[in-house]
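Asks: When you get a sec, could you give me coordinates for this:
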Amino acid sequence: MKKIISFLILVNLFFCLSAAELTARFVTGEAAKKDSLEESLSYLKDQVAKMNLPAEKRATYVFIATLEEQMALYDQAQKSYAQAASIAAGDAEGMPKKSNEEIVLDAIRCALSSGDYMTADSYLNSAVRNTRNQKIQAYIKLYTQWSALCRAEKVDDIQEPLVMLQAYLKLDSMECLRPAIYLTLWYLTGDKSYSQQLASKYPKSPEAAIVKGDVQLLPTPFWFFVPKSGEAEQGTGSYADTPSSSGTSSSAANETSSSQGQSAASSKTTKWQLGLFKTQSNAKLLVDELKSKGFEAYTTSETRASGTTYYIVLVNEDKSGNMADKLRNAGYDCYAVD
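Replies: Alright, predicted model coming up:
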C-alpha cells in the first residue's frame, strides 16, 4: 500500500512540475512550428489550460488573442484578451510587455471590429477609465466615439461623434492618435482635406497607406456599416483623391500594388470576399449582379457574439489564380479570406 501511495504522489508531483514548467515562451515557440494557424491556435488553447503560473498563462492568452485577431476572429480575440486582462500577474519572461489596461484596450478594439458595441462599452466603463496614463486615456476617448459610430443607424447619428473627433485633432493629448482620427473623419465624410493632411503629416503611418490606396481596410462590420455623409456617402471620397508620396497618382500606385499583392496572395487564397451585409436580400442582390457578369458568387452567414448575423458574399479562386484581378477589372473590391 505504501508503494502505491508513493507512486501516486510521484505521478502527481510529475504532472504538477510539468504544468509549472510550461512557459509562454516555450509554447508560443512550439506553436510557430505547426503547419497552419488553425493548428497553432488549437495547440496554444490546449497548452494554456495546463498552465499554473499566472504570468505565463496571461502572456499565452495575449498571444492567442493576437493570433485570433490576425485571423479576423474578433469575437474570440476580444474574449481571449479579456481572459488575459482578468489575470492579476506581471509580464512573462521573454514575452512582450503589456499592462492589463493595454490588454483591455485590445479587447475593446476587437469588440468594435466585430460591431459588438455593447461589449466594447462594458470594457470602456470598467476600471480602465480611471487610468492616469495619458496615452490610454487618449485611446478611451477615441474608442468611445468609435462605439458611438457603431450604434449609428443614420447619418444624423454620426454628427456628434464627428464634432468630437474634430475637436480631438486640436488636443495635444491626442497626438498619438491623430492618424486614426484623420482616417476616421475622411472615411465618414469623404473630405479630401483630411486625407491630404494625413498623407502630408504622417506619410509612413498605416492610415496614410490606406488613404493612398496602398493597403485596404479589412471588411469588418465597423467600417462596413457606419453611416457616411457628404462625398463619402456618394462614394466620391476615394483613394485617388490623395496624391501618392512617390509622385505617381495614387490610383496608378494602387493599381500596381494591388495587382502585385493580389497575385502573390492568389497562390494561397481559396476565396475572395466582396461584401458583408446585415440583410440577406442585399447580399443576394450583389450575388445576382456578380452572376450576371459571369462570376460564380455565393453567400455564407456568420453569427457574432452580439447575436447579429452577417451575410458574406464570396467568389472562389479559379485555376488561373487571377480571380482578384478579374473582379477588380469588373469594378469590385475584394479581400482574401481563408
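Asks: And for Met51, the neighbour number?
Replies: By other C-beta atoms under 10 Å, 22 other residues sit near Met51. Just so you know, the C-beta spots here come from the backbone N, C-alpha and C atoms, and that holds for glycine as well.
Asks: should've said Glu175
Replies: So Glu175, with other C-beta under 10 Å, has 12 neighbours.
Asks: Would you mind measuring from it to Ala138?
Replies: The gap separating Glu175 from Ala138 is 8 Å, by C-beta to C-beta, to the nearest Å.
Asks: same question, Glu102
Replies: According to C-beta to C-beta, Glu102 stands 12 Å off from Ala138.
Asks: I'd say Gln47 and Ala24 touch.
Replies: No. The pair Gln47 / Ala24 is not scored as a contact, 9.3 Å apart, by C-beta atoms under 8 Å.
Asks: Look at those two and report which has more neighbours.
Replies: Ala24 (27 against 22).
Asks: Domain-wise, how is this protein divided?
Replies: Here the domain assignment for the chain is 19-119, 152-266, 268-337, based on automatic domain parsing.
Asks: Mind pulling up the pLDDT for Ile64?
Replies: At Ile64, the pLDDT value in this model is 97.
Asks: tell me the secondary structure for Tyr298?
Replies: strand (DSSP: H, G, I helix; E, B strand; the rest coil).
Asks: nearest spatial neighbour of Gln280, skipping sequence neighbours?
Replies: Using C-beta to C-beta, 6 or more residues apart in numbering and skipping the chain neighbours, the partner closest in space to Gln280 is Tyr311 (4.9 Å).
Asks: Would you confirm that the one you found belongs to a strand?
Replies: Yes. Counting by three-state DSSP, one finds Tyr311 located in a strand.
Asks: what about it, neighbour count?
Replies: Neighbour tally, Tyr311, other C-beta under 10 Å: 20.
Asks: Dig out what it forms beta bridges with.
Replies: Note on Tyr311: beta-bridge partners by DSSP bridges are Phe277, Ser301.
Asks: pretty sure it is touching Val287, no?
Replies: No. Tyr311 is beyond contact range of Val287, at 9.4 Å (criterion: C-beta under 8 Å).
Asks: What pLDDT does the model give Leu327?
Replies: At Leu327, pLDDT is 84.
Asks: Tell me the secondary structure of it, please.
Replies: helix.
Asks: Just list the residues touching it, thanks.
Replies: Trp272, Leu274, Phe295, Val315, Asp333, Cys334 (C-beta atoms under 8 Å, 6 or more residues apart in numbering).
Asks: Most widely separated two among these?
Replies: Using C-beta to C-beta, the contacts of Leu327 reach their maximum pairwise distance at Phe295 and Asp333, which is 13.5 Å.
Asks: and the two? which has more neighbours close in?
Replies: Using other C-beta under 10 Å as the criterion, Phe295 and Asp333 rank with Phe295 on top: 20 against 15.
Asks: Identify the residues contacting the more buried one.
Replies: Per C-beta under 8 Å, 6+ apart, neighbours of Phe295: Val315, Lys326, Leu327, Ala330.
Asks: Now with 10 Å, please.
Replies: Trp272, Leu274, Val287, Glu289, Val315, Asn316, Asp318, Met323, Lys326, Leu327, Ala330, Tyr332 (C-beta atoms under 10 Å, 6 or more residues apart in numbering).
Asks: Okay then, goodbye and thanks.
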